[in-house]
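Participant: Next comes the sequence, and after it the predicted model I'd like to discuss.
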Amino acid sequence: MGKYFGTDGFRGEANKTLTFEHAVKIGRFLGWYYGARLDKKAKVVIGKDTRRSSYMFEYALCTGLMASGADAYIMHVTTTPSVAYITRVDDFDCGIMISASHNPYYDNGIKLLNSFGEKMDEETIEKVEEYIDGKIEVPVAGRHEIGRTVDYVAGRNRYIGFLISLSKYSFKGVKVGLDVANGAAWQIAKGVYEALGAKVYVINDQPDGYNINTDCGSTHIEHLQKFVVENRLDVGFAFDGDADRCLCVDEKGNVVTGDHTLYIYGLYMKERGKLLNNKVVTTVMSNFGLYKALDKVGIEYEKTKVGDKYVYENMVKTGNRIGGEQSGHTIFLKYETTGDGIVTSLKLMEVMLAKGKPMSELAAPVVFYPQVLKNVRVKSKPDAQNDPDVMAAVKKVADELGDTGRILVRESGTEPVIRVMVEAGTNEICEKHVDYVIDVIKAKGHLA
């Protein structure tokens with residue numbers, strides 16, 4: 001990770017951590033960089049979520065891009081995966097999404113995508129950061145070289161058409177609930193489902209610039225759970241602010257997580273001979289219950305570090321076709337380069353309709369193990385993690401659990417914290433083992 005950009009872009013409180021000036025500079029550098037590198041006027045596509053500050057950052061980015069000679073194509077309020085899709089299929093030099101995903105309204109972020117719709121490479125990010133810090137000079141465009149903005153709502157419409165084309169079935173007669181989190185999916189998701197014939201019930205679709213993710217969406221799934229049960233819906237889907245993740249609610253009001261999605265669609269692919277390598281890609285935070293369920297149906301799996309970036313890198317390297325996180329970031333490599341909440345919902349609908357089974361029955365084989373996770377603030381993450389006595393304690397717990405659970409000890413990527421997590425048959429067992437490892441960390445003097 002760089003000075004400004006993390007694994008999911010440059011994110012922070014608007015005009016405090018991430019400022020208008022930062023956005024202008026990012027636009028200035030990218031407009032010049034792609035124009036000079038490709039020896040032509042650069043074309044950059046921009047999307048944003050519904051935060052009040054997203055408008056400010058949109059204009060700031062456009063100002064910087066145009067001043068450097070690039071043309072900025074504006075998709076307006078749209079989802080992160082739509083920007084990734086349009087960047088790739090419409091031959092843009094790069095894409096920019098303005099969003100802080102599931103964060104509160106006062107935060108915002110700038111995500112950079114390469115011409116393939118993938119997260120920007122580290123080398124280019126480093127150059128952007130060097131320009132922000134004044135280490136690189138960038139010329140200003142003049143006369144006929146100055147760029148312009150282009151209203152590109154057509155790109156969003158093309159993406160909607162792509163979503164509709166993914167469905168193999170009519171949704172006629174299916175009652176679907178959607179929680180669009182007062183975010184980027186509010187204009188898109190309902191239209192897609194109505195076009196496919198579903199009876200659509202939508203909540204949290206009145207964005208005002210301040211209510212994105214506020215007590216709604218995938219981070220507050222309890223509201224959709226209640227809504228589905230009260231309205232006797234067949235299924236419900238909740239998105240986050242930029243709609244790159246999706247959690248599901250079955251007809252009984254139970255949550256269907258990203259882990260369930262990997263099982264449900266992974267098995268569906270295997271049954272049709274479509275699961276290349278017979279593997280799904282998970283992160284180390286997937287629940288032990290997912291692995292037990294996959295073992296029973298003979299599906300193998302790989303584990304990556306936490307972050308959809310690492311899931312995607314594994315899939316590109318290995319050719320594995322489906323992967324994701326428990327939080328609802330699910331990547332279907334055949335269709336897109338990033339997690340896409342609406343695509344995830346459509347794929348779950350496909351399995352439900354193809355098999356003629358309710359979502360509760362499809363998800364039932366994945367029985368989540370109780371989990372206890374505690375954060376330990378330490379002086380040095382590497383010292384605490386690699387301490388021989390701590391490692392011995394972790395091994396002792398792993399040996400005791402055997403195939404009835406698991407322990408995971410990892411460093412936080414953003415805080416001076418070690419995370420100790422145990423999954424086992426009961427909460428009491430989890431607590432006992434987590435506290436044992438933490439006591440060893442404490443006894444060795446690693447606490448901050």
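Facilitator: Received it, and whenever you're ready, just let me know what you need.
Participant: CA atoms for contacts and neighbours, from now on please.
Facilitator: Fine.
Participant: Distance of Gly197 relative to Gly177?
Facilitator: 13 Å (CA to CA, to the nearest Å).
Participant: Compare neighbour counts for those two and give me the winner.
Facilitator: Using other CA atoms under 10 Å as the criterion, Gly197 and Gly177 rank with Gly177 on top: 28 against 16.
Participant: Residues in contact with the strand or helix carrying the more buried one: which ones?
Facilitator: Per DSSP states H and E: Gly177 is located in strand 175-179. Residues outside strand 175-179 that contact it (CA atoms under 8 Å, 6 or more residues apart in numbering): 189-190, 198-205, 216-218, 224, 227-228, 233-239.
Participant: now do stretch 254-274
Facilitator: So stretch 254-274 is in contact with 221, 225, 246-250, 275, 278-280, 286-287, 290, 293-294, 297, 299, 322-330, 347-348, 351, 360, 362-363, 366, going by CA under 8 Å, 6+ apart.
Participant: pLDDT below threshold where in the chain?
Facilitator: Where the chain drops to pLDDT under 70, the residues are 1, 413-414.
Participant: Take the contacts of stretch 254-274 and keep only those in helices.
Facilitator: Using DSSP state H, the members of these that fall in helices are 225, 290, 293-294, 347-348, 351, 360, 362-363.
Participant: about what we covered before: buried subset of the contacts of stretch 254-274, written for PyMOL?
Facilitator: Buried residues within these, by 16 or more other CA atoms under 10 Å, are selected in PyMOL with:
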select buried, resi 221+225+246+247+248+249+250+275+278+279+280+286+287+290+293+294+299+322+323+324+325+326+327+328+329+330+347+348+351+360+362+363+366
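Participant: Mark which of the contacts of stretch 254-274 are part of strands, please.
Facilitator: 246-249, 279-280, 322-324, 330 (DSSP state E).
Participant: Put the alpha carbons of whichever helix or strand comes after the strand holding Gly177 into PDB.
Facilitator: Per DSSP H and E, the first helix or strand lying C-terminal to strand 175-179 is helix 189-195. C-alpha atoms of helix 189-195 as PDB (Å, rounded to 0.1, in the frame of the first residue of the first chain):
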ATOM      1  CA  ALA A 189     -31.200  -2.500  -9.800                       C
ATOM      2  CA  LYS A 190     -34.900  -2.000  -9.800                       C
ATOM      3  CA  GLY A 191     -34.900  -1.400 -13.600                       C
ATOM      4  CA  VAL A 192     -33.000  -4.600 -14.300                       C
ATOM      5  CA  TYR A 193     -35.400  -6.700 -12.200                       C
ATOM      6  CA  GLU A 194     -38.500  -5.100 -13.600                       C
ATOM      7  CA  ALA A 195     -37.200  -5.700 -17.200                       C
END
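Participant: what's helix 189-195 packed up against?
Facilitator: Counting contacts by 3 or more CA pairs under 8 Å, 6 or more residues apart in numbering; DSSP states H and E, helix 189-195 packs against helix 153-166, strand 199-203.
Participant: Can you verify my assumption that Phe92 contacts Val45?
Facilitator: Yes: look at Phe92 against Val45 with CA atoms under 8 Å: they come within range, at 6.7 Å.
Participant: Which neighbours do the two have in common?
Facilitator: Joint contacts of Phe92 and Val45 (CA under 8 Å, 6+ apart) are Ile86.
Participant: Pick out whichever of those two has more residues nearby.
Facilitator: Comparing Phe92 with Val45 by other CA under 10 Å, the one with more neighbours is Val45, at 29 against 19.
Participant: need the longest helix for this structure.
Facilitator: Assignment by DSSP H; longest helix in the chain turns out to be helix 20-38.
Participant: Which SSE is immediately downstream of that helix?
Facilitator: Once helix 20-38 ends, the next helix or strand along the chain (criterion: DSSP H and E) is strand 43-48.
Participant: That next one pairs with which strands, and in what direction?
Facilitator: Next to strand 43-48 in the sheet, as set by DSSP bridges, lie strand 71-77 (parallel), strand 94-98 (parallel).
Participant: right, and those - which one's nearest Thr304?
Facilitator: With CA to CA as the criterion, Thr304 lies closest to strand 94-98 of those, at 24.9 Å.
Participant: any idea which helix or strand comes after the closest one?
Facilitator: strand 107-113.
Participant: which residues sit against that following strand?
Facilitator: With contact meaning CA under 8 Å, 6+ apart, strand 107-113 is reached by 8-14, 18, 23, 51, 53-54, 84, 87, 94-100, 119-120.
Participant: again, only using 6 Å
Facilitator: 9-14, 94-100, 119-120 (CA atoms under 6 Å, 6 or more residues apart in numbering).
Participant: What of stretch 182-192?
Facilitator: Contacts to stretch 182-192, defined as CA under 6 Å, 6+ apart, come from residues 49-50, 77-79, 164, 180, 204-207, 212, 241-243.
Participant: related to what we said a few turns ago, tell me which of the strands paired with strand 43-48 sits nearest to Glu145.
Facilitator: Closest among the strands paired with strand 43-48, once you apply CA to CA, is strand 71-77, at 9.9 Å.
Participant: need the next SSE after the closest one, C-terminal direction.
Facilitator: helix 80-89.
Participant: coming back round to it: how far out from the middle of the chain is the strand holding Gly177?
Facilitator: Between the centre of strand 175-179 and the centre of its chain there are 20 Å (CA atoms, centre = their mean, to the nearest Å).
Participant: partners of it in the sheet?
Facilitator: If you go by DSSP bridges, strand 175-179 pairs up with strand 199-203 (parallel), strand 235-239 (parallel).
Participant: Could you report the neighbour count for Glu302?
Facilitator: By other CA under 10 Å, neighbour count at Glu302 equals 15.
Participant: Let me know the secondary structure of it.
Facilitator: Classification of Glu302 by DSSP: H, G, I helix; E, B strand; the rest coil places it in strand.
Participant: which residues does the closest residue to it other than its chain neighbours contact?
Facilitator: Closest residue to Glu302 apart from its sequence neighbours, by CA to CA, 6 or more residues apart in numbering: Val281 at 4.9 Å. Val281 makes contact with 301-302, 323 under the criterion CA under 6 Å, 6+ apart.
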